[in-house]
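>>> From the sequence below, what's the structure:
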Amino acid sequence: MAVTSLDVDGQRLAAAERFVSEWVSDHRIPGATFAVFDDEGVEGFAFGARDLETNAPATPDTLLGIGSCTKSFTGIAILQLAEETDLEVTDDVSEYVPYFRDVPGPAITIRELLSHSSGMPSDGMATALIGRAMDGDSLEVPLSSEADFRRHVGGSADERATHLDDPFFYYNSGFTVLGEVVEAVSGTGYAAYVEEHVLEPLGMERSTFRRERFESDPDTMTPYYRSEGSVVEGRFPFDEPVHAPGGMLSSVLELSRYGRMQLNDGTFRGTQVLPPDRIEESRTPVSTRELLFGGTELQYAYGWLVREFLGDTLVGHGGGIGVYNAYLGYLKDRGLGVALLCTTGPRTHPMHAGPGALAALLGEAPTEADPHLALEERLPVLTGTYDSYRGILSLEVSRHGGTLRIVPDGEQLGGEELALVPEELGEEVSTFRTVDAGGNDLTVRFEVGEETVDMYLRRWRLRRERR
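As a prediction, this is how the structure comes out:
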């Protein structure tokens, strides 16, 4: 479904569509939507149903929750107010709202909350509220009023880690507090402010935080989650504390307008949402979230994750809100981006599938661009039962997250299990590190052939047949 002209090679666009289609099928996702955009145009795709009972098809206009992709919108709102008022991102948050006045250590700043670098660890607020939207073991934490939220955050003040030089704790409550800063400075509600000052200028007319607007829209995705392997209908958490950290609902086509504004340094179709220097500030890393397998730093700006990606800078963010999952990201130099939304919680989250689709758009293998995709493709090939010459030694190799585990048969190898951490993953050769009970740092090597896989461990060479 082409919406406006898009300067992307047709074969690569088809490869990206095929990649997403296979992802949807492999992960049994009821419905998903996908868009590719550059600074001038967008093309949207849809897969599966927006409602399983009626089998109504999803469309690129279908509304879904975007989860933490909302955070960069909160960052935009803060920077708009910094342009228009005396607010500075280096200000003490407690100058505006009654939070963090009694926390240990230096004053917590707006910039620290934007970048999750305040030293405040997660207090579980979003986890508790999202859990209530699904038929599971909900947490009966009092979070039903503004007073409840203030007590919840205030009670966690002593949890702040002040002894770390560069702390990073993903802190949803910090963005809820930033939403209250927007309210205090602007004199209007957070949702109303974002709708008027960010969504309306971009023509994102259907994007919303509000239950009544979402439920009255004719093109929405029914929220689903998985329980014991089955798809179950849930609900979206419209609770106000979730708004600023992850409460927006949108479509991939409307999110592409936001992405195109980012690519055009703050302007969309002649309307300036934010000056170029502020857009650049919003995507300039402040803290480091983690180190990806392969050595790439995943850094954090103002509601954006930033990393090196196939010779470019990838600015993006994932979102997960139980019944919906999302990704929005763009390549800063190439000027190309994607939006990917789905229901349920697939093993490969959109925050990995989205960069995989971007890789396909660049003519590259998705597994070479995203560590999760590489692990998903290559670890299963290495699992199974390995036998040495004449079956004297037999070992079972199983997968555990991003690692492998060797389990001996009975008391072989002294009955010791070994956890294998990947060091290098290749199509033909992969190496792993492990430490045994004797304190020995070992390398375990796998060689993948057309018919067999060989494993080298200490003095042993073991083999299994590929099926």
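>>> the domain parsing of this structure - what is it?
What automatic domain parsing lists as the domains of the chain is 10-369, 378-465.
>>> Could you say which of those is packed most deeply?
Sort these by mean neighbour count, taking mean count of other C-beta atoms under 10 Å, and domain 10-369 sits at the top with a mean of 20. For every residue, glycine as well, the C-beta is placed using N, CA and C.
>>> ok now that one, how far from the chain's centre?
8 Å (C-alpha atoms, centre = their mean, to the nearest Å).
>>> now the end-to-end length of it.
21 Å (C-alpha to C-alpha, to the nearest Å).
>>> In terms of helices and strands, where is Tyr330?
According to DSSP states H and E, Tyr330 maps onto strand 324-331.
>>> Next, work out how far apart Asp61 and Val8 are.
Asp61 sits 20 Å away from Val8, going by C-beta to C-beta, to the nearest Å.
>>> I'd like the domains of the chain as TSV, with mean pLDDT appended.
Below are those laid out as TSV (pLDDT from 0 to 100):
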stretch	mean pLDDT
domain 10-369	94
domain 378-465	95
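>>> What segments of the stretch 51-200 of the chain are strands?
56-57, 64-65 (DSSP state E, counting those that start in this stretch).
>>> Who are the contact partners of the closest residue to Ile110 other than its chain neighbours?
Distance criterion C-beta to C-beta, 6 or more residues apart in numbering; nearest residue to Ile110, sequence neighbours excluded, is Val89 at 4.8 Å. If you count contacts by C-beta atoms under 8 Å, 6 or more residues apart in numbering, Val89 has them with Ile78, Leu79, Ala82, Thr109, Ile110, Arg111, Leu114.
>>> if I look at Val89, how far off is Gly246?
For Val89 relative to Gly246 (C-beta to C-beta), the value is 21 Å.
>>> And the residue nearest the centre of this structure?
In the chain, the centroid-proximal residue (C-alpha atoms, centre = their mean) is Gly318; its distance is 2.4 Å.
>>> need the helices for this structure, in chain order.
In the chain, the helices defined using DSSP state H lie at 10-26, 71-84, 110-114, 125-131, 146-155, 172-186, 190-194, 211-216, 240-246, 252-263, 276-282, 350-361, 366-369, 371-382.
>>> Out of the ones you listed, which gets nearest to Ala326?
Comparing the helices of the chain against Ala326 with C-beta to C-beta, the closest turns out to be helix 350-361 (5.6 Å).
>>> okay, the closest one in PDB with CA atoms only?
The C-alpha coordinates for helix 350-361 follow below in PDB (Å, rounded to 0.1, in the frame of the first residue of the first chain):
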ATOM      1  CA  PRO A 350       9.800  -5.900  17.100                       C
ATOM      2  CA  MET A 351      12.900  -4.100  18.500                       C
ATOM      3  CA  HIS A 352      14.900  -6.900  16.900                       C
ATOM      4  CA  ALA A 353      12.700  -7.600  13.900                       C
ATOM      5  CA  GLY A 354      12.600  -3.900  13.000                       C
ATOM      6  CA  PRO A 355      16.400  -3.600  12.600                       C
ATOM      7  CA  GLY A 356      16.400  -6.900  10.700                       C
ATOM      8  CA  ALA A 357      14.000  -5.400   8.200                       C
ATOM      9  CA  LEU A 358      16.200  -2.300   8.000                       C
ATOM     10  CA  ALA A 359      19.100  -4.600   7.200                       C
ATOM     11  CA  ALA A 360      17.100  -6.200   4.400                       C
ATOM     12  CA  LEU A 361      16.300  -2.700   3.000                       C
END
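>>> How about residues contacting that helix?
8, 12-13, 15-16, 18-20, 23, 34, 36, 309-310, 314, 316-319, 325-329, 331, 336-342, 346, 365-370, 372-373.
>>> Run the angle between that helix and helix 10-26 for me.
150 degrees (axes from the mean of the first three to the mean of the last three C-alpha atoms, to 10 degrees).
>>> what angle separates helix 350-361 from strand 324-331?
40 degrees.
>>> which one is Ala77 nearest to, not counting chain neighbours?
Nearest non-adjacent residue to Ala77 (C-beta to C-beta, 6+ apart): Val182, at 4.9 Å.
>>> these two touch, right, that neighbour and Leu81?
Yes. Between Val182 and Leu81 there is a contact under C-beta atoms under 8 Å: 6.7 Å.
>>> Now do the shared contacts for those two.
In contact with both Val182 and Leu81: no residue, using C-beta under 8 Å, 6+ apart.
>>> how close does Gly415 sit to Pro355?
In terms of C-beta to C-beta, Gly415 sits 41 Å off from Pro355.
>>> residues touching the residue sitting furthest away from the middle of the chain, list them.
In the chain, the residue that sits farthest from the middle, by C-alpha atoms, centre = their mean, is Arg390; the gap is 47.2 Å. By C-beta under 8 Å, 6+ apart, the contact list for Arg390 is empty.
>>> And for Leu143?
Applying C-beta under 8 Å, 6+ apart, we find Leu143 in contact with Met125, Ala128, Leu129, Phe149, His152, Asp239, Pro241.
>>> Name the residues linked to Arg226 by a beta bridge.
Val231 (DSSP bridges).
>>> Who are the contact partners of it?
Per C-beta under 8 Å, 6+ apart, neighbours of Arg226: Val232, Thr344, Gly345.
>>> Could you rerun that using 10 Å?
His27, Arg28, Ile29, Pro30, Met134, Val232, Thr344, Gly345, Pro346 (C-beta atoms under 10 Å, 6 or more residues apart in numbering).
>>> Leaving aside the residues adjacent along the chain, what's closest to Asp102?
Closest residue to Asp102 apart from its sequence neighbours, by C-beta to C-beta, 6+ apart: Ala157 at 5.5 Å.
>>> Next, the contact list for the one you found, please.
Contacts of Ala157 by C-beta under 10 Å, 6+ apart are Tyr99, Phe100, Arg101, Asp102, Val103, Pro104, Ile108, Met120, Asp123.
>>> now with 8 Å?
Contacts of Ala157 by C-beta under 8 Å, 6+ apart are Phe100, Asp102, Val103, Pro104.
>>> mind putting those in TSV, distance to Gly259 included?
As requested, the contacts of Ala157 are exported to TSV (distance: C-beta to C-beta, whole Å):
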residue	distance to Gly259
Phe100	33
Asp102	40
Val103	36
Pro104	39
